[in-house]
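# model the following, please.
(chains A and B)
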There are 2 protein chains.
Amino acid sequence: MNCNVPTDIWFSFEGFRTRGGQTGDHVDGWGIAFFEGQGYRLFTDTAASIQSDIAHFVRKHRIRSTNVIAHIRKATHGEVCLENNHPFVRELWGRYWLFAHNGDLKDFEPKLNGRFTPVGTTDSEKAFCMIMERFSALSTQQADIETLYATLASLSQSISQSGTFNFILSNGEYLFANCTTDLHYVIRQAPFSTAHLIDKDIMIDFNEVTAPEDRVAVIATSPLTDNETWEVMKKDELLCFHNGKPLPLSA
Amino acid sequence: MNCNVPTDIWFSFEGFRTRGGQTGDHVDGWGIAFFEGQGYRLFTDTAASIQSDIAHFVRKHRIRSTNVIAHIRKATHGEVCLENNHPFVRELWGRYWLFAHNGDLKDFEPKLNGRFTPVGTTDSEKAFCMIMERFSALSTQQADIETLYATLASLSQSISQSGTFNFILSNGEYLFANCTTDLHYVIRQAPFSTAHLIDKDIMIDFNEVTAPEDRVAVIATSPLTDNETWEVMKKDELLCFHNGKPLPLSA
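Predicted coordinates for the structure are as follows:
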């Protein structure tokens, strides 16, 4: 989720977490990270999100954030343990970067220079470290968004030669979404309407919880609601969301 | 806390968090991190620990860990915000490192090479980044514990020229404790006895919750219990705890 004002993700999270063990089979741990200012809160657990005490807490706690990344894991590489849970975090240029990956990279063994090293054993964390390493080589301070976009677009296409590389990456200001096979997004803005979850019979009227200038982008592997128009991202499409909408960038 | 088996910190946390707004004035946020395997869970909040919903959750959730770092903040440098909360986290050599500082460094502006950059504005995070930078220069893989100890002892004495530098640093295996002014520790091992908190009228009988081979070191600014013998650390003393006891290392 990427927004122009701090927004409560409870509605989307309610549908999303249901896929971790009830309406979906991604039961090998889960995680959610909320940027707050330059900091972040990360909640993660090895239990399935539908059963996890921490997920119940997150659901009730109603944290507001402009950038949120959530992930439910179906283990393909690496055992079920905390260090293999997404989102992963690293610091670069005095900002935290968070990364979550959906997909499976085969025989993916990038040579890394040691600046960023995986702690766990997933293909995903290797890819994240490779992105951070490539970014860090651009500049000693944060590169401009055009450069970041072009670098990431090129690298993502290269990495996706090894398999499926749908991912979300954010530094709390920009949120990148890369699609290899499955990624959808919806922009919610005035005039607001109602939305109904696919995974659970819950309806919300956004008119009751928003201000006219609010804008929220929700990006997910597959749509979370059945009465909104979700945009389908194309193969090898990289979008950079900022203040609740994609920026007009191209590689 | 550093232990030889995963241990529940609820008893110590119950006393500790009381100091964040009730028996103590460290009300500017708090944090606690639990290592679990190579991963960690970090709970942090800008609310005082005595009032924080997340602290209530941690108290009830009873997470077991061999290495835990907790901190209650009294802001001296930097505003009250999430990115200024301790413990801070960085990855080095494929391990997460967690750091919490008690004290105040005056005019502390180290030159950093950019490998680790503070996200927030505290003196503490600057010192942590300096430690990580110095460690990273030692080797491309984790240096041996003797080298880490000697490097940290020397650097800590240098940093403490700028002020008070009591800190805890852990990579989930070793837990370093450095004392400039105030740091105490207790080792709990067989034969176990009872303990009574200073900050709250709670008693525990460790015989009921331990096995004979368990060993737990608890390190705190000031003792948490009033019927145990807490060792007083000396000025400029650096200890490295492993499996619940200090290793016999010297610089």
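
# how about the residue in the stretch 51-200 of chain A that chain B sits nearest to, what does it touch?
Chain B sits closest to residue A:82 of the stretch 51-200 of chain A, with a gap of 2.9 Å, by CB to the nearest CB. Where you see a C-beta, it was placed from the backbone N, CA and C, and this is true even at glycine. For residue A:82, the contacting residues are A:29, A:44, A:46, B:36-41, by CB atoms under 8 Å, 6 or more residues apart in numbering or on different chains.

# rerun at 6 Å
B:36-37, B:39 (CB atoms under 6 Å, 6 or more residues apart in numbering or on different chains).

# does stretch A:68-79 come close to chain B?
No. Judged by CB under 6 Å from any CB of the partner chain, stretch A:68-79 makes no contact with chain B; its nearest approach is 9.4 Å.

# I'd like the average pLDDT over that stretch.
For stretch A:68-79, the mean per-residue pLDDT is 89.

# end-to-end on that stretch?
25 Å (CA to CA, to the nearest Å).

# for the contacts of residue A:82, which one is nearest chain A?
For the contacts of residue A:82, the closest approach to chain A (CB to the nearest CB) belongs to residue B:39, at 2.9 Å.

# bridging residues for the closest one?
Counting by DSSP bridges, residue B:39 is bridged to residue B:36.

# neighbours around it, how many?
Residues near residue B:39, counting by other CB atoms under 10 Å in any protein chain shown, number 19.

# over to the one 4 residues further on?
If you count neighbours by other CB under 10 Å, residue B:43 ends up with 22.

# now the contacts of residue A:82 in TSV, with distance to residue A:22 and pLDDT?
Below are those laid out as TSV (distance: CB to CB, whole Å; pLDDT from 0 to 100):
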residue	distance to residue A:22	pLDDT
B:36	25	94
B:37	27	92
B:39	25	97
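
# now distance to residue B:219 too, for those residues, in JSON lines please.
Formatted as JSON lines, the contacts of residue A:82 follow (distance: CB to CB, whole Å):
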{"residue": "B:36", "distance to residue B:219": "20"}
{"residue": "B:37", "distance to residue B:219": "22"}
{"residue": "B:39", "distance to residue B:219": "22"}
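
# one step back: got phi/psi on the residue of the stretch 51-200 of chain A closest to chain B?
phi -60, psi -40 (degrees, to the nearest 10).

# for stretch A:132-140, buried residues please.
Using 16 or more other CB atoms under 10 Å in any protein chain shown as the test for burial, stretch A:132-140 gives A:132-136.

# check stretch A:168-179 too.
Burial within stretch A:168-179, assessed by neighbour count using 16+ other CB under 10 Å, is assigned to A:168-172, A:174-179.

# go on, stretch A:233-251?
For stretch A:233-251, by 16+ other CB under 10 Å, it's A:233, A:238-242, A:244-246, A:249.

# for it, measure first residue to last.
Note: stretch A:233-251 ends 16 Å apart using CA to CA.

# any idea of the mean pLDDT in that stretch?
96.

# next one: it to chain centre, how far?
How far stretch A:233-251 lies from its chain's middle: 13 Å, per CA atoms, centre = their mean, to the nearest Å.

# with stretch A:28-39 instead?
9 Å.

# start to end distance for it?
So stretch A:28-39: terminal residues 27 Å apart, CA to CA.

# contacts made by it with the rest, please.
A:20, A:40-44, A:46, A:49, A:58, A:63, A:65, A:67-75, A:80, A:85-87, A:98, A:172, B:81-83, B:119.

# ok, stretch A:4-19 next?
Against stretch A:4-19 from outside (CB under 6 Å, 6+ apart): A:1, A:49, A:55, A:62, A:64-66, A:68, A:70, A:72, A:197, A:199-200, A:204, A:214-216, A:218, A:224, A:243-244.

# among those residues, which ones are in helices?
residue A:55 (DSSP state H).

# now a ChimeraX select for only the buried ones of the contacts of stretch A:4-19.
The ChimeraX command for the buried members of the contacts of stretch A:4-19 (criterion: 16+ other CB under 10 Å) is given here:
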select /A:1,49,55,65,66,68,70,72,197,199,204,214,215,216,218,224,244
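
# now do residue A:222 against residue A:233, distance only.
According to CB to CB, to the nearest Å, residue A:222 stands 11 Å off from residue A:233.

# same question, residue A:34
23 Å.

# then residue A:220?
Taking CB to CB, one finds residue A:220 at 11 Å from residue A:233.

# go on, residue A:162?
Going from residue A:162 to residue A:233 by CB to CB gives 19 Å.

# what does residue A:121 give?
For residue A:121, the distance to residue A:233 equals 29 Å [CB to CB].

# what of residue A:249?
Counting by CB to CB, the gap from residue A:249 to residue A:233 is 14 Å.

# residue contacts, residue A:98?
Contact analysis of residue A:98 by CB under 6 Å, 6+ apart lists A:33, A:69, A:87, A:89, A:170.

# hey, what's it bridged with?
So, taking DSSP bridges as the rule, residue A:98 has residue A:89, residue A:170 as bridge partners.

# and the buried residues of stretch A:233-251, which is closest to residue A:149?
residue A:249 (4.4 Å; CB to CB).

# which secondary structure state does that closest one sit in?
coil (DSSP: H, G, I helix; E, B strand; the rest coil).

# ok, it touching residue A:242?
No. If you go by CB atoms under 6 Å, residue A:249 and residue A:242 don't touch, sitting 9.6 Å apart.

# whatever helix or strand residue A:148 lives in packs against which elements?
Assigned by DSSP states H and E, residue A:148 belongs to helix A:145-159. For helix A:145-159, the packing partners by 3 or more CB pairs under 6 Å, 6 or more residues apart in numbering or on different chains; DSSP states H and E come out as strand A:237-242.

# can you give the strand pairings for the strand it packs on, parallel or anti for each?
Strand A:237-242 is paired, per DSSP bridges, with strand A:175-179 (antiparallel), strand A:245-246 (antiparallel).

# now the ones you listed in CSV, with distance to residue B:142?
Output for these, formatted as CSV (distance: least, CB to CB, whole Å):
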stretch, distance to residue B:142
strand A:175-179, 31
strand A:245-246, 41
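
# find the residue closest to residue A:30 in space, skipping its chain neighbours.
Of all residues not flanking residue A:30 in the chain, residue A:49 sits nearest, at 3.9 Å (CB to CB, 6 or more residues apart in numbering or on different chains).

# shouldn't that neighbour be in contact with residue A:57?
No. Applying CB under 6 Å as the test, residue A:49 and residue A:57 come out as separate, 11.9 Å apart.

# need the residues of the stretch 101-250 of chain A near chain B, please.
Counting by CB under 6 Å from any CB, the stretch 101-250 of chain A sits next to chain B at A:114, A:117, A:119, A:140.

# make it 7 Å
A:114, A:116-120, A:140 (CB under 7 Å from any CB of the partner chain).

# now a PyMOL select for only the buried ones of those.
Selection of buried members from these for PyMOL, criterion 16+ other CB under 10 Å:
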select buried, chain A and resi 116+117+118+119+120
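
# among the residues of the stretch 101-250 of chain A next to chain B, which two are most distant?
A:120 and A:140 (28.2 Å).

# tell me how many other residues crowd the closest residue to residue A:198 other than its chain neighbours.
Spatial nearest neighbour of residue A:198, chain neighbours left out: residue A:226 (4.9 Å); criterion: CB to CB, 6+ apart. Applying other CB under 10 Å, we find 11 other residues in the vicinity of residue A:226.

# please, where are all the strands along the stretch 1-150 of chain A?
Listed in chain order, the strands of the stretch 1-150 of chain A (DSSP state E, counting those that start in this stretch) span A:2-8, A:30-36, A:39-45, A:64-72, A:88-92, A:95-102.
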